[in-house]
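Engineer: Here is my input; please provide its structure:
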Amino acid sequence: MNVFNDLRATVLAELDAMVAEGTLPEGLDFGAVTVEPPRDPAHGDMATNAAMVLARPAGMAPRDIAGALQARLARDARLTAVEVAGPGFLNMRLDAAVWREMLARILAAGPEFGRAQSGAGRRVNVEFVSANPTGPMHVGHTRGAVFGDALARLLAFAGWEVTREYYINDGGAQVDVLARSAYERYREAHGHAPAIAEGLYPGDYLIEVGEALRAEYGPRYLDRPEAEWLGPFRDFATKRMMTMIRADLAALGVEMDVYSSEKALYGTGRIESAIETLRGMGLIYEGTLEPPKGKVPEDWEPREQTLFRSTAHGDDVDRPVKKSDGGWTYFAPDIAYHHDKIERGYDLLIDVFGADHGGYVKRMKAAVSALSQGRVPLEIRLVNLVRLFRNGEPFKMSKRAGTFVTLRDVVDQVGADVTRFVMLTRKNDAPLDFDFDKVLEQSKDNPVFYVQYAHARACSALRKAAQGLDVSDAALAQADLSHIAHPAEIALARKLAEWPRLVEVASAAGEPHRVALYLSELAAEFHGLWNRGNEDPALRFVQEDAPEATLAKIALVRACAVVISSALAILGVTPAEEMR
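Structural biologist: Predicted coordinates for the structure are as follows:
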């Protein structure tokens with residue numbers, strides 16, 4: 001189904017033949033040989049680097065290898081031209097029949113077209129969002145949620161068995177702060193002025209929590225010592241916050257398979273078990289860390305701590321797992337949590353962190369490497385900042401949240417589909433500007449509108465053709481595709497044929513933004529052909545009094561709609577059938 005893989009297989013077969021006849025020496029590794037679109041489409045449909053990567057190990061000039069390979073490939077009926085370019089690249093042009101055949105494959109496969117098997121049923125855990133349960137999610141969490149969910153969808157489309165997981169950080173001091181903040185709103189619900197001291201959460205979202213606490217407990221805890229109410233208020237408020245977070249995620253179209261609690265790790269022996277596992281490997285010891293790099297604080301003093309020898313697994317320094325008072329560091333439960341994921345039998349772990357957690361990457365990868373004895377890789381994806389604008393000015397904070405713009409602020413303003421698509425137009429670790437005015441424009445400068453409009457136009461053409469013809473997929477699959485002949489039509493078919501390769505490349509790199517970029521390029525090809533039809537009647541999708549030509553052109557339109565719909569599904573965006 002992947003024409004690029006088909007041609008690569010041909011290239012490798014010809015290289016094997018060159019070895020057999022003595023043109024190339026034996027023992028060459030062909031693993032780095034690629035077949036991919038050239039950077040400049042004017043150079044052809046595909047290019048291979050075979051001669052370039054084999055020249056040194058073969059002890060030959062690249063152009064000598066390229067020339068010999070060119071002669072062999074020129075005999076392939078699918079290729080209309082094979083040219084040696086530059087120092088030894090081979091550019092290839094394919095016969096139009098190849099691209100027409102890909103249209104037939106798309107119609108036969110439907111939504112399954114492009115689905116890869118690189119995952120081969122292996123199990124991957126994608127942990128993302130994992131926001132502290134202390135309030136509504138902000139716009140940074142929004143980008144992390146969209147990226148994590150799209151990555152999970154992309155991996156599933158590439159053949160992985162995916163688990164989406166949210167780690168509830170409910171075991172640290174922040175949930176005690178939440179409880180104290182909720183207590184002030186509880187007092188407010190009883191008619192007292194809340195004392196929102198510095199360090200407490202000021203958002204209005206806690207007002208309803210305070211009212212719920214009053215309904216649950218009445219005046220029982222008014223003016224009582226903190227020791228009496230801190231525990232029950234912490235549990236109550238955390239539960240309410242997670243209900244809010246789940247609702248926010250649902251509004252964005254994100255559903256988690258598993259919610260894991262940090263608090264559940266304490267008092268169960270799971271932290272101790274993970275640390276003892278590392279101790280059994282000789283990786284836990286009592287020692288003293290070197291002073292911090294740079295200016296040493298006046299109150300710093302060397303002290304013996306319980307340390308994880310993370311430098312044995314690629315970290316810069318060893319890491320403490322216990323504080324000086326004997327309590328666990330933040331790192332210790334994270335070790336136990338990842339130990340649990342390893343024991344659940346995943347073949348790959350992926351964590352999606354905010355950019356401010358970059359310093360946590362090496363220690364976490366070291367822990368997973370040690371606990372799995374190198375068997376289970378951990379990939380950590382960092383999600384960078386989102387800068388919000390309206391009318392050219394930074395978008396102001398949410399009163400409800402108190403200090404930040406919430407996920408709901410964004411979704412309520414532009415909708416989940418627009419939010420998701422725009423959040424995926426840049427690579428996850430690059431900053432992203434989100435302009436509320438631009439993302440709602442109905443113009444080609446708005447990538448969301450441009451792609452949705454392409455799908456809506458395709459649906460419109462299908463509806464028009466259906467008024468007199470059978471345009472079911474079964475009927476279109478039988479169409480005489482020789483009517484697809486104009487260079488603009490072939491260019492669109494060629495772009496559709498790139499979809500399986502795009503899925504393989506994007507899933508291997510863990511980069512769902514590539515799907516959004518591909519959709520923009522595909523939409524541009526489609527709109528370009530549509531606009532040509534306004535000037536040249538022969539290029540219109542519905543040809544009056546020419547049913548065979550119409551069926552062929554509608555087959556192209558339907559194939560385009562199939563691929564756009566599949567790609568949008570990976571982004572979590574609903575394809576539009578009509579534009580309002």
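Engineer: now stretch 513-524, how far from the chain's geometric center?
Structural biologist: Offset of stretch 513-524 from its chain centre (Cα atoms, centre = their mean, to the nearest Å): 14 Å.
Engineer: can you check stretch 383-391 too?
Structural biologist: Centroid separation for stretch 383-391 versus its chain: 18 Å, with Cα atoms, centre = their mean.
Engineer: Just the buried positions in it, please.
Structural biologist: Applying a neighbour-count criterion of 16 or more other Cβ atoms under 10 Å, the buried positions in stretch 383-391 are Val383, Asn384, Val386, Leu388. For the C-beta atoms, the positions are set from N, CA and C on the backbone; glycine is no exception.
Engineer: Touching, the second one and Leu432? I think so.
Structural biologist: Think Asn384. Yes: at 6.9 Å, Asn384 counts as touching Leu432 under the criterion of Cβ atoms under 8 Å.
Engineer: Dump the buried residues of stretch 383-391 into a markdown table; add distance to Ala215 as well.
Structural biologist: Putting the buried residues of stretch 383-391 into a markdown table (distance: Cβ to Cβ, whole Å) gives the following:
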| residue | distance to Ala215 |
| --- | --- |
| Val383 | 38 |
| Asn384 | 41 |
| Val386 | 36 |
| Leu388 | 36 |
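Engineer: Out of the residues you listed, which is nearest to Ala367?
Structural biologist: Val383 (21.1 Å; Cβ to Cβ).
Engineer: quick one, what contacts that closest one?
Structural biologist: Remark: with contacts taken as Cβ atoms under 8 Å, 6 or more residues apart in numbering, Val383 is in contact with Gly140, Arg143, Gly144, Phe147, Val352, Phe353, Gly354, Ala355, Asn428, Asp429.
Engineer: any idea what sits nearest it, other than its immediate chain neighbours?
Structural biologist: Leaving aside its chain neighbours, Val383 sits nearest to Gly144 (4.5 Å; criterion: Cβ to Cβ, 6 or more residues apart in numbering).
Engineer: And the one you found, its phi and psi?
Structural biologist: Dihedral angles phi and psi of Gly144 (degrees, to the nearest 10) take the values phi -60, psi -40.
Engineer: Give the burial count for it, as a bare number.
Structural biologist: 26 (other Cβ atoms under 10 Å).
Engineer: Strands - which of the buried residues of stretch 383-391 land there?
Structural biologist: Val383, Val386, Leu388 (DSSP state E).
Engineer: Just checking the distance from stretch 148-163 to the centre of its chain.
Structural biologist: Relative to its chain's centre, stretch 148-163 lies at 8 Å (Cα atoms, centre = their mean).
Engineer: Now it: buried residues?
Structural biologist: Within stretch 148-163, the residues scored as buried using 16+ other Cβ under 10 Å are 148-160, 162-163.
Engineer: With stretch 26-38 instead?
Structural biologist: Result for stretch 26-38 [16+ other Cβ under 10 Å]: buried residues Leu28, Val33, Val35, Pro37, Pro38.
Engineer: Can you tell me which of the residues you listed is closest to Leu556?
Structural biologist: Top of the list for closeness to Leu556, among the buried residues of stretch 26-38 and by Cβ to Cβ, is Pro37 at 19.6 Å.
Engineer: Return the distance of that closest one relative to Ala336.
Structural biologist: Taking Cβ to Cβ, to the nearest Å as the criterion, Pro37 is separated from Ala336 by 46 Å.
Engineer: Could you point out which residue ranges in the protein have low pLDDT?
Structural biologist: In the predicted model of the chain, residues 295-301, 397, 399-400 satisfy pLDDT under 70.
Engineer: on contacts alone, who are the packing partners of the host helix or strand of Leu496?
Structural biologist: Element membership of Leu496 [criterion: DSSP states H and E] is helix 487-497. Contacts defined by 3 or more Cβ pairs under 8 Å, 6 or more residues apart in numbering; DSSP states H and E place helix 487-497 against helix 96-109, helix 513-535, helix 547-571.
Engineer: now do 6 Å
Structural biologist: Other elements packing on helix 487-497 under the criterion 3 or more Cβ pairs under 6 Å, 6 or more residues apart in numbering; DSSP states H and E are helix 96-109, helix 513-535.
Engineer: quick check: angle from the shortest one to helix 487-497?
Structural biologist: Orientation note: helix 96-109 sits at an angle of 50 degrees relative to helix 487-497 (axes from the mean of the first three to the mean of the last three Cα atoms, to 10 degrees).
Engineer: And helix 96-109, what's buried?
Structural biologist: Residues Ala96, Val98, Trp99, Arg100, Glu101, Met102, Leu103, Ala104, Arg105, Ile106, Leu107, Ala109 are the ones in helix 96-109 that count as buried (16+ other Cβ under 10 Å).
Engineer: which residue sits closest to Ser566, ignoring its sequence neighbours?
Structural biologist: Closest residue to Ser566 in three dimensions, ignoring its sequence neighbours and counting by Cβ to Cβ, 6+ apart: Pro111, at 5.4 Å.
Engineer: In a helix, that neighbour, correct?
Structural biologist: Yes: counting by DSSP: H, G, I helix; E, B strand; the rest coil, Pro111 is part of a helix.
Engineer: Go ahead and confirm it touches Ile564.
Structural biologist: No: checked against Cβ atoms under 6 Å, the pair Pro111 and Ile564 is beyond contact range at 11.1 Å.
Engineer: I'd like the distance between Ala475 and Glu525.
Structural biologist: Between Ala475 and Glu525 the distance is 24 Å, computed by Cβ to Cβ.
Engineer: Compare these two (neighbour count), which wins?
Structural biologist: For Ala475 and Glu525, the more surrounded residue by other Cβ under 10 Å is Glu525, and the numbers stand at 19 against 14.
Engineer: and the spatially most central residue of the chain, what element?
Structural biologist: Computing the C-alpha centroid of the chain and ranking residues by Cα atoms, centre = their mean puts Leu151 first, at 2.9 Å. Assessed by DSSP H and E, Leu151 sits inside helix 139-157.
Engineer: Packing partners of the helix or strand that that helix is followed by?
Structural biologist: Next helix or strand after helix 139-157 toward the C-terminus (DSSP H and E): strand 161-168. Contacts defined by 3+ Cβ pairs under 6 Å, 6+ apart place strand 161-168 against strand 123-127, helix 139-157, strand 258-261.
Engineer: quick one: contacts of the following helix or strand past the shortest one?
Structural biologist: Beyond strand 258-261 in the direction of the C-terminus, DSSP H and E gives the next helix or strand as helix 270-280. For helix 270-280, the surrounding residues in contact (Cβ atoms under 6 Å, 6 or more residues apart in numbering) are Leu265, Ile284, Ala332, Pro333, Ile335, Ala336, His339.
Engineer: who wins for most neighbours among those residues?
Structural biologist: When neighbours are taken as other Cβ under 10 Å, the top entry among these is Ile335 (29 neighbours).
Engineer: ok, which stretches of the stretch 201-350 of the chain are helices?
Structural biologist: With DSSP state H, counting those that start in this stretch as the definition, the stretch 201-350 of the chain shows helices at residue ranges 205-217, 226-251, 270-280, 331-343.
Engineer: Return the most buried member of those.
Structural biologist: Ranked by mean neighbour count under mean count of other Cβ atoms under 10 Å, the helices of the stretch 201-350 of the chain are led by helix 331-343, which reaches a mean of 22.
Engineer: Now it - C-alpha only, CSV.
Structural biologist: The C-alpha coordinates for helix 331-343 follow below in CSV (Å, rounded to 0.1, in the frame of the first residue of the first chain):
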residue,chain,number,x,y,z
PHE,A,331,11.5,11.5,42.5
ALA,A,332,10.8,8.4,44.7
PRO,A,333,7.1,8.0,43.9
ASP,A,334,7.8,8.7,40.2
ILE,A,335,10.3,5.8,40.2
ALA,A,336,7.6,3.6,41.8
TYR,A,337,5.0,4.7,39.3
HIS,A,338,7.2,3.9,36.3
HIS,A,339,8.2,0.6,37.9
ASP,A,340,4.5,-0.2,38.0
LYS,A,341,4.1,0.7,34.3
ILE,A,342,7.1,-1.5,33.4
GLU,A,343,5.6,-4.4,35.4
